[in-house]
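K.L.:
Mind looking at a prediction? Sequence and model below.
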Amino acid sequence: MQARVPNTNDGTRAFASSGRSDGTSVRPPRTVTSPRAQHQKAPEKKPEPTGHRSASSTAREITLAILIPVLIVVLIRLFIADIYVIPSGSMLNTLQIGDRIVTSRIEGQHGQIHRGDVIVFKDPDNWLSGESSGGILSSSYLVKRVIGLPGDTVACKGSGSPVTINGHAIDESSYLKPGVNPSDISFSVKVSAHHLFVMGDNRANSADSRYHLSDGQGGLVPISDVQGVAKFVYWPVTHWRGLGRDDAVYKGVGGVSGAR
């Protein structure tokens, strides 16, 4: 017969097997939990202090938040791209007065320059005195279109005749201001090494290479003076457009296709 299982005072239970032959029951020893095991707890983590940051730390963060974006913009404008404002009408209708353009400094100063590129360059020899409103952005830069590369002979008989490059007449109707002749004056220029021959798209109001043949550079722009190649108009939004060159205009022209 199985013995009754009594409850113990410390919460443990004892189990008995069937009675022995002598009538006594067998009770297994109680399991005693040590006081250390019963009452030991993991140490509580003390909350980390939540005091205010120091004034110097806050000032440093604010300074960095201001300087880092400014530094990024400066580096971009020094080495990658730049922005200019057009205040004169020498490049109408390609560029309107008040247009903001973005130029690639990488292409202008480190890449090849091609016929048809619109470039920004330093004033070679007091050209700005002949511009209607003093150039772009400041008193030392101009914007024109590259027509002749080193080695090219650029010429025109005037009175509405087309411009020729190395004897090949080019059709500039895709970018010339409507109603304006390619040139009202005659000229013939051999472009020297490391120089460019440039003209405005508004030929009737552009003091470009044609009008400076007797100056110190012979009307030419040193390639080293090129600041950038215009890529697109970004402002005003109604004038958004790219300023890529039309290579088809110069397709039949011999000589080099690019210069650096």
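P.N.:
Done, it's in.

K.L.:
Please enumerate the strands of the stretch 1-150 of the chain.
P.N.:
For the stretch 1-150 of the chain, the strands defined by DSSP state E, counting those that start in this stretch occupy 81-85, 100-104, 118-122, 141-148.

K.L.:
Switch those over to TSV; also include mean pLDDT.
P.N.:
What follows is the strands of the stretch 1-150 of the chain, written out as TSV (pLDDT from 0 to 100):
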stretch	mean pLDDT
strand 81-85	90
strand 100-104	95
strand 118-122	95
strand 141-148	96
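
K.L.:
what's the nearest residue to residue 254 once chain neighbours are set aside in contact with, if anything?
P.N.:
Counting by Cβ to Cβ, 6 or more residues apart in numbering, residue 254 lies nearest to residue 166, which is 5.1 Å off, once chain neighbours are set aside. No exception for glycine: its C-beta is placed from N, CA and C like everyone else's. Taking Cβ atoms under 8 Å, 6 or more residues apart in numbering, we find residue 166 in contact with 152, 153, 253, 254, 255.

K.L.:
If any of those are buried, give me the PyMOL selection for them.
P.N.:
Here is the PyMOL command that selects only those of the contacts of residue 166 that count as buried (16 or more other Cβ atoms under 10 Å):
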select buried, resi 152+253+255
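
K.L.:
what ranges do the strands span in the stretch 151-260 of the chain?
P.N.:
153-156, 164-165, 168-169, 187-190, 195-199, 221-222, 226-235, 241-242.

K.L.:
mean confidence for the fourth one?
P.N.:
So the one you mean is strand 187-190. Strand 187-190 shows a mean pLDDT of 97 in the predicted model.

K.L.:
Residues contacting it, please?
P.N.:
Here strand 187-190 has contacts from 148, 152-156, 158, 197, 209-210, 213, 218-220, using Cβ under 8 Å, 6+ apart.

K.L.:
Give me the buried subset of the residues you listed.
P.N.:
Judged by 16+ other Cβ under 10 Å, buried ones among those: 148, 152, 154, 155, 156, 197, 209, 210, 218, 219, 220.

K.L.:
want to try TSV for those, with distance to residue 119 as columns?
P.N.:
Compiled in TSV, the buried ones among the contacts of strand 187-190 are given as follows (distance: Cβ to Cβ, whole Å):
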residue	distance to residue 119
148	13
152	15
154	16
155	21
156	20
197	12
209	12
210	17
218	18
219	15
220	13
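
K.L.:
May I have the phi/psi pair for residue 192?
P.N.:
Main-chain dihedrals, residue 192, degrees, to the nearest 10: phi -80, psi 170.

K.L.:
what's it in contact with, if anything?
P.N.:
150, 218, 220.

K.L.:
Apply 7 Å and report the result again.
P.N.:
150, 220 (Cβ atoms under 7 Å, 6 or more residues apart in numbering).

K.L.:
you'd agree residue 241 is up against residue 234?
P.N.:
No. Between residue 241 and residue 234 there is no contact under Cβ atoms under 7 Å: 9.6 Å.
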